[in-house]
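S.K.: Provide a 3D model corresponding to the input given below.
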Amino acid sequence: MSLITLRDACLAFGDRPLLDCAALTVREDERLGFIGRNGTGKSTVLKIIAGLTVLDEGELQRRTGLRLALLEQEPQLPSAPTLRESLIERARTLAHASSCTPEQLHGIDRESWQLHSRLAEYLQRFGLTGEESPQECSGGERKRAALALALACEPELLLLDEPTNHLDIDGIALLEAHVRRMPAAIVVTHDRAFLDAVATRIVELDRGVIRSYPGNFAAYEARREQEAAAEDATRRRFEKFWRQEEVWIRKGVEARRTRNEGRVRRLEQLRRQRTERRDRIGRLKLALDAGERSGHLVAELIGVGQTFSTRTLIEDFSTRILRGDRVGFIGPNGAGKSTLLRIILGTYTPERGSVRLGTNLQIAYFDQMREQLDPRATVAEAISPGTDWITVGGERKHVSTYLGDFLFPPHRAHSPVEMLSGGERNRLLLARLFARPANLLVLDEPTNDLDIDSLELLEQHLQDYPGTLLLVSHDRRFLDNIVTQIIAAEGGGRWLTYVGGYSDWLRQRPLPRPQTPAAARAAVEPAPAKRTPKSARLGYMAERELAALPAQIEALEHEQTEVSARMSQPDYRAQGPERARSDAQRLQDIEARLQRLYERWEALEARAGGVPHDAADGR
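M.R.: Numbers count the residues shown, from 1 in each chain. Coordinates of the predicted model:
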């Protein structure tokens, strides 16, 4: 059954059409990966589906009573004493803005206690308590909070706009698991590994037209290469034929003598087609200048330690970075990746240990918070203050020409930086970064807000970069394709070095110690209150029940993993909607059953004095 249908959708901002008679249908049990260049209108399409933006022309049909949840790229949280209260108010605000029916709004009020309960659960899963002040939350905390609300609303169609920005790798993996369980979803993201994991169909918005490709992103890449080659061949044939006809009409006398009026009309039509044809959007033109060679040693850390407040970020860490190394830094948000980077660069002095920097270092630093950009300066001033010319790689260029390489049209050169979108600011910072020679390139989350085409081009140039590269990123495929060494936060201030990329780190990292189901649950929930010794003894039947619980829980968790893996297969939709509904219902039943078993486990443990039988046996 169709949840959403767009027909002949048209929308333009000024003279630039975002949708040009576009069509889209979203059905049950589909998870759409929505891709396209920055500025093509992907976020706008999500707002149209959510009812927050109106089409100029065309038709939007939504199934009656359809429950939607939208996560914007930069979610706004209403002012409130606590984060939990702010999110509840946000739920009502979005429901009003998306023209919910009075019955749906009443449903939010009637089920408010259930929403509170589910919200508390999802906030905890994303590392939040709900008691934080929304005004003091970081961008990453706001994103995780808004994600928790979207999932807690239990929508039939989930709309996510760049959900992986500001999430660490563990958070992305958690989100993947939740999205795969959704009845339907549309996800705008540049994270190719995320798309491979969750998408059942890729939808591309290109020059106002929506195109659909079955399968995940890997299948899309193979199909799109074939289409691009065919499109280029068609364009070349068109241009050749048009030039031949232009030569013919310019002969003048021959054209008039033959009186081939049909051929003349055909040429006029070709001219109109060529004028109206919307050419493929340009690509970034990057050039990395590694400058002079640095010394063989870039940086050496010996016994470095750093504490923030009462938390240890780095404990007794030693490493040596040599010229040409390509190092990736990974770890949870707040683990200290940016702090460790600044220590390596010598801009931050650690509390303990020593740092030795190499010679002849020319450093270019990409800051994830874009603090290097003055919001009051113009785009041109951000690149070349005080002059209209810039020298890049020994070539002198006008600043407008150089900005054109990064997809900024000439009239945008005098726009203030504060008027740029997130993707445009990222491109501007890259332009500023690559405008000067550097033999040590430091990139702190460079992939946020970049579209896939720009991301892949940046990837290609970094692969050819001859200098030393330090990269902080949560983009797993980006790390795999670029770095040859991983420095990972392993918890408790421990940092370890691994050879290879992200996938190699997954294979090499130490496995976590196995936990009993009760221990795993206790990690995220308060320990049950201890009972008095008088109630500590269990009867015969209760002892047998307690002994059987681990096997029951293990079997259910195994089945849960199998069903989730089956539902994430690219050809899963071919098995039909009945199978999809059956599997989704089974996952819900398993979760409910596990919840009851966990609670029973803890109750029996509390009565027995808190010592589970499997722990006593050493299992």
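
S.K.: mind checking how far stretch 354-367 is from the chain centre?
M.R.: Between the centre of stretch 354-367 and the centre of its host chain there is 29 Å, according to CA atoms, centre = their mean, to the nearest Å.

S.K.: Other residues contacting it?
M.R.: 291-304, 323, 343-346, 349, 372, 429-430, 433-434, 436-444, 446 (CB atoms under 8 Å, 6 or more residues apart in numbering). Just so you know, the C-beta spots here come from the backbone N, C-alpha and C atoms, and that holds for glycine as well.

S.K.: Which stretches in the stretch 451-600 of the chain count as strands?
M.R.: Secondary structure of the stretch 451-600 of the chain (DSSP state E, counting those that start in this stretch): strands at 468-472, 485-491, 494-499.

S.K.: give me the element the residue nearest the centre of the chain is part of.
M.R.: For the chain, residue 164 is the residue whose C-alpha lies nearest the centre (CA atoms, centre = their mean; 2.8 Å). Assigned by DSSP states H and E, residue 164 falls within no helix or strand.

S.K.: Residue 142 too?
M.R.: Residue-wise, residue 142 maps onto helix 139-152 under DSSP H and E.

S.K.: residues of that helix that come out buried?
M.R.: If you call a residue buried by 16 or more other CB atoms under 10 Å, then helix 139-152 has these buried ones: 140-152.

S.K.: Just send those back as TSV, with distance to residue 509 too.
M.R.: Putting those into TSV (distance: CB to CB, whole Å) gives the following:
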residue	distance to residue 509
140	23
141	26
142	30
143	26
144	24
145	29
146	30
147	26
148	27
149	32
150	31
151	28
152	32
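
S.K.: Return the per-residue confidence for the closest residue to residue 552 other than its chain neighbours.
M.R.: Setting aside the residues directly before and after it, residue 552 is nearest to residue 597 in space (CB to CB, 6 or more residues apart in numbering), at 6.1 Å. On pLDDT, residue 597 comes in at 81.

S.K.: can you pull the contacts of residue 597?
M.R.: 517, 549, 552-553, 556.

S.K.: Quickly name whichever of the residues you listed is closest to residue 506.
M.R.: Residue 506 lies nearest to residue 517 out of the contacts of residue 597, by CB to CB, at 24.1 Å.

S.K.: Could you list the low-pLDDT ranges of the stretch 101-250 of the chain?
M.R.: 101-113, 228, 231, 234-235, 238, 242, 245-250 (pLDDT under 70).

S.K.: now the strands: where do they sit in it?
M.R.: So, for the stretch 101-250 of the chain - with DSSP E, counting those that start in this stretch - the strands run 157-161, 185-188, 201-206, 209-214.

S.K.: Serialize those strands to CSV and add fields for mean neighbour count and distance to residue 9.
M.R.: As requested, the strands of the stretch 101-250 of the chain are exported to CSV (neighbours: other CB atoms under 10 Å; distance: least, CB to CB, whole Å):
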stretch, mean neighbour count, distance to residue 9
strand 157-161, 25, 16
strand 185-188, 25, 14
strand 201-206, 21, 11
strand 209-214, 16, 8
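
S.K.: can you put the ones you listed in TSV and add distance to residue 1?
M.R.: Below are the strands of the stretch 101-250 of the chain laid out as TSV (distance: least, CB to CB, whole Å):
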stretch	distance to residue 1
strand 157-161	12
strand 185-188	16
strand 201-206	16
strand 209-214	18
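
S.K.: Indicate which one of the ones you listed is closest to residue 475.
M.R.: Of all those, strand 185-188 comes closest under CB to CB, at 15.0 Å.

S.K.: strands paired with the closest one, and their directions?
M.R.: Here strand 185-188 is paired, per DSSP bridges, with strand 31-35 (parallel), strand 157-161 (parallel).

S.K.: Quick one: residues in contact with it.
M.R.: With CB under 8 Å, 6+ apart, strand 185-188 has contacts from 26, 30-35, 42-43, 46, 49, 73, 157-163, 179, 194-195, 198-199, 203.

S.K.: and if you look at stretch 479-488?
M.R.: By CB under 8 Å, 6+ apart, the residues outside stretch 479-488 that reach it are 319, 325-331, 340, 459, 462-463, 469, 471, 473, 495-505, 509.

S.K.: and it, which residues are buried?
M.R.: 479-483, 485-488.

S.K.: Throw these into a markdown table and include distance to residue 58, thanks.
M.R.: Shown next, in a markdown table, are these (distance: CB to CB, whole Å):
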| residue | distance to residue 58 |
| --- | --- |
| 479 | 41 |
| 480 | 41 |
| 481 | 39 |
| 482 | 42 |
| 483 | 45 |
| 485 | 51 |
| 486 | 48 |
| 487 | 51 |
| 488 | 49 |
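
S.K.: Looking at the residues you listed, which one is closest to residue 243?
M.R.: residue 481 (40.1 Å).

S.K.: The closest one and residue 501, how far apart?
M.R.: Residue 481 is 7 Å from residue 501, where distance means CB to CB, to the nearest Å.

S.K.: do the same with residue 79
M.R.: In terms of CB to CB, residue 79 sits 43 Å off from residue 501.

S.K.: about what we covered before: looking at the buried residues of stretch 479-488, which is nearest residue 55?
M.R.: For the buried residues of stretch 479-488, the nearest to residue 55 is residue 481 (38.8 Å; CB to CB).

S.K.: quick one: buried residues of stretch 71-81?
M.R.: 71-73, 75, 77, 80.

S.K.: Alpha carbons of it, as PDB, please.
M.R.: Provided in PDB are the C-alpha atoms of stretch 71-81 (Å, rounded to 0.1, in the frame of the first residue of the first chain):
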ATOM      1  CA  LEU A  71      14.200  15.000  11.900                       C
ATOM      2  CA  GLU A  72      15.600  18.200  10.300                       C
ATOM      3  CA  GLN A  73      19.300  18.600   9.500                       C
ATOM      4  CA  GLU A  74      19.600  21.200  12.300                       C
ATOM      5  CA  PRO A  75      16.800  20.400  14.800                       C
ATOM      6  CA  GLN A  76      15.500  23.300  16.900                       C
ATOM      7  CA  LEU A  77      14.500  22.600  20.500                       C
ATOM      8  CA  PRO A  78      11.900  24.900  22.200                       C
ATOM      9  CA  SER A  79      13.000  26.600  25.400                       C
ATOM     10  CA  ALA A  80      12.100  24.600  28.400                       C
ATOM     11  CA  PRO A  81      13.500  23.800  31.900                       C
END
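
S.K.: So what touches that stretch?
M.R.: Under CB under 8 Å, 6+ apart, the answer for stretch 71-81 is 43, 83, 86-87, 89-90, 93, 133-135, 137, 139, 142-143, 145-147, 150, 158-163, 165, 188, 422, 449.

S.K.: how about the residue nearest to the centre of the chain, what does it touch?
M.R.: Applying CB under 8 Å, 6+ apart, we find residue 164 in contact with 172, 175, 189, 191, 194, 474.

S.K.: Pick out whichever of those sits closest to residue 603.
M.R.: Out of the contacts of residue 164, the member with the shortest distance to residue 603 (by CB to CB) is residue 175, at 31.9 Å.
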